[in-house]
Structures are given as C-alpha cells and as structure tokens.
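A.B. asks: pasting the sequence and the predicted coordinates here, then a few questions.
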Amino acid sequence: MSRPTSLSAGPSAEDPSTAFRLDSESASLVFDAASPVPKLLYWGERLEGDAAGLGAVLERPVLHGLLDDPEPLTCFPETGQGFQGSPGLEAHRDGESFFTQLERIGIQQDEDRLSVELEDRATKIQVRIDIESLGDLFRWRTSVHSTAAQRVPLTVDWLAAAAIALPSGLQEVQLFEGQWCRELHSDRLRLDSGSLLRENRTGRTSHQSFPAMVFGEAGFSAERGAVYALHLAWSGNHRLIAERTRTGQLQAQLGELLLPGEVQLAGGEQLESPWVYLGLSQGGTNGLAEHFHAFVRGHLVPKTRRPVHFNTWEALYFDHSEEKTLELVAEARRRGAERFVLDDGWFRGREHDRAGLGDWEVCETKYPRGLEPIVEAVEAAGLEMGLWVEPEMVNADSDLCRRHPDWLLQSPGRQQPLGRHQHALDLTRDDVRHHLLETLVGLVDRYRLRYLKWDMNRDLCHVEAQGRPAQRAMTLAYYRLLDAFRTARPDVEVEACSSGGARVDYEVLRRVTRLWPSDSHDPKERQMIHRGYNLFFPPEVLGMHVGSERSETSGRTHAMAFRAHTALFGHLGIEPTRRPLSSEDAALLERTVAFYKEHRSWLHEATTLYLEHAETELVSRLALAADGSRALLAAALLDTPRQILLAPLRLRGLPEGQRWRVTLLEADQHSFAKSRSAMHRGEPVAATSEALHYGLQLPPLRPESLALFELVALAPEDS
Ligand code: GLA
C-alpha cells in the first residue's frame, strides 16, 4: 500500500454550512457541507446561477420507523452515521473498529478539482475524496488511510471508489453483460427497491461485466431522457452496486472487488481507489457518448493516423510458414493495408495453444531464415510491421516455465484450473517484469516493430503472490509493465486485446491507442457489440476488421458490402482467410479501404449518433463531421423486419438550416421492387436538415445487410 501525502485543512474550509460546487463544461456538482460528510445535492446540467437554497428545498422529512436522521446518503455513506444501505467502506481491525463516524477536516478546491478530507479519530482512519472536472466529465476517487500504528492493521473488505447519490426520480439502470464474441450487450432493469449487484472476479476487466452503469428516466433511449453514466476505470476485479433505499433514494457504488484479506493497511498506509468517470446528458445516450468520446479524444488517446491493419490470425492460426506469410504480405499490399500484424503462432513451440507461450523467439521450423525476410517484405511494401504477443502468460510446455517454475502465479501445492492451457506469470515480481520488458524491447528493436498486439487470454484464479492474495497487485503490476514498455519505446503503438474485449476500460485505454473489442468479425454481431461500446469509446479506438465471408466464430455468411461497411466505421482492418476473394469482393474491399483513407481524418473526429426507429432489427448510426460539413449513415437491418418497407428514418441531430446532397452509396436491395426512387437508384438528391429530421426513406433491404448513405453539406448557392 502506498503512503499518502499529508491531509491538511485547505484554505477554503470556512463556513461548514456553505454549499460548495464543482463545474465541468456542461454539468455541475453541488455538495451540502452542513453534514459532517458532504452530501451530493445536485448533479445535473451546469448551473448558471448559484444554487443557494438547494439544501433547504430538498430537505427530507423524518418518518416514523426510521432513525432520526433518516438515511444520510453522503459522499461516503457510513453505518456510523446511521446509513443502513450499502456503506462506502467495509473495514475492521481484526473485528474491531468496524464502522466509522467521519468528520470533515478539510476541503481543498481550485477551479477543476475538489478534495474533501475526512477523519474518524476513534478508528484512526482518514478518508479523502478527490473529484476533478475534465471537459464535460467528472472523475472521482476515494482513498482510505490508516493514520497511526495500531496493534492490528486495518483490513479493508470494500472501498467504494465512488458512492454517488443520483436523482431519485431515475427509474432505470442499464448494466453491461456479454461473453466472448458478444461483448458489451445491455441489461436494462427497473429499480424500484433493493439492490442490484454485479461482480467480476475474472482478474481482468471481463467479457461479462463491463464496469459501468447508466441510470436514466423511464424509457430513456439513444435520443431521449436524462441519463447518468459511471465508468470504473479498472482492469481487475470489480463490484457495481445500484441501490434504492427504503425511502426511495438512489445510490450507485463502483469499486474494486477485493479478495479476502487482500488489503491490510498498517499505520501510515493508504488504499487509493481507481477513478470513476461520470457523465450525464439530458438528451439520451447519444449525448452521453458525445461527452465520453470528447473526453477520450481530448484526454486519453493521442490523435494518430490509424493505418489500415492486415491481421493474420484467421488466415494462419498456428500453421505459419515463410511462404504463406510472404503471400499474405503481398495480399496486404494489394488491398491497400498499411500495417501488417503477424498474429499468434510465429514463435518457438507454438504448434497449438498448449505450448510455446513464454518463449518469445521465432520458430525456426516455420521461419528458417527468421522473421527478417518478413519484416523486409513488409517494409518494402510500404507497410508497418506489427507483432502479436501475450507477455503475461506462459504454457507449462515452454522453456521459460521449465527454467522458472517459481515465476508462475499460483498457490503452492494447489492444482490451478487453467485457461486456454496456460498459466499467468506473477507480475508482482520485479524479475518477471524485468524479463518481460527486456523481451519486448528486444523484439521491437530486432524486428523494427511499430506496433504490438498485446493479448491476455485467460481469466485469473488462485491469484496469490508470496502467500497473499494479489489481484490488486497484479492489476497494478500489469500497468507498471505496460508503462515501462511505453517509456522504453514510446513510438510503438500498443493494442489491448484479451480474448476479444475482456480488457477494455479507461485505465487501459490511457496506455494504448487501440482496443480489440471482440474476436467476432460477424458484422451482425459487430453492429450490436459496437452499439454498446459506443457509449464510452469513440469508434476509431476500436479495431474493426473485414473478416471472411463465412464468419469463423458464428458460422454465418455475409456479403462483402455488409462486412466492409460495418468495419468502415471503426479503426479499419482486414482479417483474411485462405479462401480467395472473388474479383467483385476484392474490388469492393479495396474501394472501402480507399474510402476509409480518404475520409478517416473527419470520421475519427465525428460525432456518432444512433438513430431511433420503431423497427428493433434496424441499427442506424450516423457519423457527423465535427465541422458539420458531411456525414455518413449506415442503416443496418439485422433480421427480417416486421414491415418490409420501413418507416422513414428520422435523421435527428443534423445542424438546422443546412442543405445536403444525399447519395445512397450502397445497399443490398430486394430485387422485387418494381420501381425505385431516384435516390434509391443512387442518384444524389438535395434535402435540408429539416426534411431529413422528418424522415429518409430507406430502400427495401435484405436482412443482414446495410444501406450506406453519404451526406455532403451544400453551400447556399449550390442546388
Ligand atoms: C485471442 C485474440 C485473437 C487472437 C488469438 C491468438 O483470442 O483475441 O484476436 O489474437 O488470441 O491466439
């Protein structure tokens, strides 16, 4: 555990009854400082005036059957203050000191930052809540500090990184569920009473529980309703709680899920939680996404050109040879790719997934002349070289494991359940991290790598290091290793991958430029998966590859147009298989690559709007350029619609008073249509935003296909 910086009463800790506030660009937080621990009175649109009187008009009556200060839902809800819902801290000293009664000892504030410092003298615990405003978002974290040497350390079982009182009128909660090849789907529930609990114990961010919650008014949608989103930026275990108290208050808690006895604070030590990112919109989840995307673009990920990838996994699996890989390099060049990524299977012993992890040297049987000829061919073709690695893992059948059996993360004397036949290395060991850093830097230098696909393909269990639970330490050690690599080779871009999208969150994204959202290239799956991701991640940080005609994961077959035009909206890549493409498909793919290159500069800064429609099988997304000069619309029909001629799609969100040239670029239309409008024949038509807000008639689409429209703003004099 770390040592805290000193806590002192800040200069602005004057009148304790004054409300204090923090503003983001579009939202305000107002706290009531009259109670010993501040209460969040207001989280809403940015207040232009002051919020005097908020405490008075919101004061709740005392009801029979409750404590006299009923349910004090503060920024750090405490059993000791009489809060009987989920407390923000569960800790004890060997069964003693099991609750706190904190007093405010300081507030420090500047324009973008607020720290509240609290203390409970009896238990010798201090708490600090840090809140920062970043663009349209806030971020919030909590630290607990065991202040003095005690007979026994403070065991922390739960610390909410943020305990947030939400407007109690919000009725619905959206959580995120998923699995391999089906990431970021939603569970939408109404919360009238009790608690919803979602936990992740997989040792990575997980497929099945993206660490976020969205609270909204009943019936909130992409375009409508007040919505509040919270994302815990943490790549290990987590716990999410949504709670309706018995008097109807609503609170959200997000934090690390700690293993039994994992955190024990000696005197002077502190536990600092991960950050929780908070965003809100009065205009549905599109508004939320706009705020989160702006934050990622402005604060988390540097702007890069995002070259077209060509990734070898599904073309080769473990069956590599110099000849086959050189053929793929030639194909990558023909297709217009800009980065060649040699995926799993290139290193010693990797004939299958039961061997080889840990031995990061080229397989001399598959590549007798080493990887150099591949790298030279890639560079000669004008592409960047990228390589797949899974540094944190090891197969028992590897020289590394035979040499260093003590490097495994395991509980001595226990049979560890394996995942994909592999063990995790104990990253908390300095020698392990040192070895991995040297190995990665060695690969980068030797093969002039510009990019690493950094994978992590198993859930963790028996997470024990030096006889102690170590999940938290493992997560931090992963960050340390990645940070050390980035410091050592800052020009190398890293993609975070974990059996698809099992390690996707803002703490990872802070360190990488690309996320691998899913192993599914099935465009129908991807349409659904990306609707979930879009809430928090702008499309350009999400790798999207044009896969084979018959999806390797779902077995479904899709036309090239649906595959290519789905992938066009992310960071585009190609995932070839060994079956040759027809000349029409090859031409369409190459056109899509060229279109991506021509348009990526504005697409990667665009606002993404999901458009509502009564037909639930229709997923429509509009990318609107930041300067309002153009837009790209994909209306994807995932299954047979109830009405073969869909009601016109309303293009809300286009800037008012604008005229557009609208062109249908591509659509897989039913052949039965006896006549088609000029627009559906591909002729450009002119229309105002107002007309398009009212509706755009889609062509009669075949199920599992999409219509792609281009909108270009017309100058007033153009017709
Ligand atoms: C994981 C990744 C895939 C691929 C394989 C290689 O499953 O998600 O994209 O790299 O590993 O083993």
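C.D. replies: Received it, and whenever you're ready, just let me know what you need. Computed from a predicted model, the values in this text were never measured in an experiment.

A.B. asks: going forward, measure contacts between C-alpha atoms and count neighbours the same way
C.D. replies: Will do.

A.B. asks: flag every residue of the stretch 501-650 of the chain that's near the ligand.
C.D. replies: Asp519 (Cα under 6 Å from any ligand atom).

A.B. asks: residue contacts, the residue in the stretch 501-650 of the chain positioned nearest to the ligand?
C.D. replies: At 5.2 Å from the ligand, Asp519 is the closest residue in the stretch 501-650 of the chain, using Cα to the nearest ligand atom. Taking Cα atoms under 8 Å, 6 or more residues apart in numbering, we find Asp519 in contact with Trp180, Cys181, Ser499, Gly500, Gly501, Thr553.

A.B. asks: next: Gly261.
C.D. replies: Contacts of Gly261 (Cα under 8 Å, 6+ apart): Thr155, Val156, Asp157, Pro469.

A.B. asks: which secondary structure state is assigned to the third one?
C.D. replies: Here Asp157 is recorded as strand under DSSP: H, G, I helix; E, B strand; the rest coil.

A.B. asks: now for it, how many residues are close by?
C.D. replies: 18 (other Cα atoms under 10 Å).

A.B. asks: quick check: it touching Leu265?
C.D. replies: No - look at Asp157 against Leu265 with Cα atoms under 8 Å: they stay out of range, at 11.2 Å.

A.B. asks: okay, and the common contacts of these two?
C.D. replies: Joint contacts of Asp157 and Leu265 (Cα under 8 Å, 6+ apart) do not exist.

A.B. asks: can you name the residues of the stretch 301-450 of the chain sitting close to the ligand?
C.D. replies: Residues of the stretch 301-450 of the chain lying near the ligand (Cα under 6 Å from any ligand atom): Trp313, Asp343, Asp344.

A.B. asks: contact partners for Glu630?
C.D. replies: Careful, residue 630 is Arg and not Glu. Leu624, Glu710, Leu711, Val712, Ala713 are the contacts of Arg630 under Cα under 8 Å, 6+ apart.

A.B. asks: leaving out sequence neighbours, find the closest residue to it.
C.D. replies: Leaving aside its sequence neighbours, Arg630 sits nearest to Val712 (Cα to Cα, 6 or more residues apart in numbering; 4.4 Å).

A.B. asks: what's the helix or strand for the one you found?
C.D. replies: According to DSSP states H and E, Val712 maps onto strand 705-714.

A.B. asks: what is the mean pLDDT for that strand?
C.D. replies: For strand 705-714, the mean pLDDT works out to 98.

A.B. asks: which residues does that strand contact?
C.D. replies: Contacts of strand 705-714 (Cα under 8 Å, 6+ apart): 558-559, 561-562, 565, 628-638, 658-668, 698-699, 701.

A.B. asks: that one pairs with which strands?
C.D. replies: In the sheet, strand 705-714 lines up against strand 630-637 (antiparallel), strand 659-667 (antiparallel) (DSSP bridges).

A.B. asks: Arg60: how many residues sit nearby?
C.D. replies: What Arg60 shows, counting by other Cα under 10 Å, is a neighbour count of 12.

A.B. asks: ok, Glu590 - contacts?
C.D. replies: Glu590 neighbours (Cα under 8 Å, 6+ apart): Arg335, Gly336.

A.B. asks: picking up where we left off before, export the contacts of Arg630 to JSON lines and append columns for neighbour count.
C.D. replies: Shown next, in JSON lines, are the contacts of Arg630 (neighbours: other Cα atoms under 10 Å):
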{"residue": "Leu624", "neighbour count": "23"}
{"residue": "Glu710", "neighbour count": "19"}
{"residue": "Leu711", "neighbour count": "23"}
{"residue": "Val712", "neighbour count": "18"}
{"residue": "Ala713", "neighbour count": "20"}
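
A.B. asks: by mean pLDDT, which helix or strand of the protein comes out lowest?
C.D. replies: One helix or strand of the chain scores below all others by mean pLDDT, DSSP states H and E: helix 54-58, with a mean of 87.

A.B. asks: note down every partner strand of the helix or strand just after it and its orientation.
C.D. replies: Per DSSP H and E, the first helix or strand lying C-terminal to helix 54-58 is strand 89-92. Strand 89-92 sits in its sheet next to strand 154-159 (antiparallel), going by DSSP bridges.
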